[in-house]
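[1] after the sequence you'll find the predicted model.
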Amino acid sequence: MNHIDRLLHRLRRLGIWAIAIWLGGSGPVQALAPLIAAGELIGVSGLEIEGRRYEIRFADGSFNALYPEGFSGYGSLARAAAESLRAAGNALTGTPPAGRLQLAGCRSAQSCTILIPERSAGTVPQAHLSHAVEAIYAGDLVRSVPAELWPFDAATDTGAMPDMLYAILTPTGE
């Protein structure tokens, strides 16, 4: 291979890399950041849901205590949030430094159910029943999102349930 052929070969290789970088950078950017406190996953920021970025925090409590007054659910955003958590895969938690990364508020060794309220009978603080999309978290991943909604007493505190907690969504404006 002469000098010109080697140069053309290198330019082609650089061109392929440039195209790959350009194509990779032209899609939606997932700037996911796990939110970790005291060695537990307390949420995730930068999750894209229905074209907007959100922060999701996990919390124990009752529907009527955790959400703002007048809240009745996230509507279709609830299922989209659960599916976005599932699609995030390993990007959600990365690799924990030592063993399994536990969800804050989850005390089950097998799995936890993240409740994302879709709608409720009544509004906070007077709701009677909430219907939530479930995101099943096991082994550092959201493994499934069942099709059925989970009916849940709006006054029940998930703090007394070792395998359930709520998700609170906040738009980040990114």
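    On my side now, so go ahead.
[2] outline the domain layout of the protein.
    1-30, 31-171 (automatic domain parsing).
[3] next, format the ones you listed as TSV and append mean pLDDT and mean neighbour count.
    (Each C-beta comes from the backbone N, C-alpha and C, glycine too.) Formatted as TSV, the domains of the chain follow (pLDDT from 0 to 100; neighbours: other C-beta atoms under 10 Å):
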stretch	mean pLDDT	mean neighbour count
domain 1-30	42	10
domain 31-171	89	17
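[4] what ranges does the protein have for its helices?
    3-26, 63-66, 76-88 (DSSP state H).
[5] other SSEs contacting the second one?
    To tie it back to what came earlier, the one meant is helix 63-66. If contacts are counted by 3 or more C-beta pairs under 8 Å, 6 or more residues apart in numbering; DSSP states H and E, helix 63-66 sits against strand 164-171.
[6] at 7 Å instead, please
    Helices and strands touching helix 63-66, by 3 or more C-beta pairs under 7 Å, 6 or more residues apart in numbering; DSSP states H and E: there are none.
[7] how far does that helix sit from the chain's center?
    Counting by C-alpha atoms, centre = their mean, to the nearest Å, helix 63-66 is centred 20 Å from the centre of its parent chain.
[8] kindly export it (C-alpha atoms) in PDB.
    Output in PDB follows, covering the C-alpha atoms of helix 63-66 (Å, rounded to 0.1, in the frame of the first residue of the first chain):
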ATOM      1  CA  PHE A  63     -51.400   8.700  48.200                       C
ATOM      2  CA  ASN A  64     -53.300  11.400  50.200                       C
ATOM      3  CA  ALA A  65     -50.100  12.400  52.000                       C
ATOM      4  CA  LEU A  66     -47.500  12.300  49.300                       C
END
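[9] what comes into contact with that helix?
    Helix 63-66 is contacted by residues Ala59, Pro117, Ser120, Val124, Pro125, Ala127, Ser130, Phe152, Ala154, Ala155, Tyr166, Ile168 when judged by C-beta atoms under 7 Å, 6 or more residues apart in numbering.
[10] those in strands, which ones?
    Ala59, Pro117, Ser120, Ser130, Phe152, Tyr166, Ile168 (DSSP state E).
[11] surely the fourth one touches Glu118?
    No - between Ser130 and Glu118 no contact is recorded; they are 8.1 Å apart, counting by C-beta atoms under 7 Å.
[12] quick check: neighbours shared by these two?
    Gly73.
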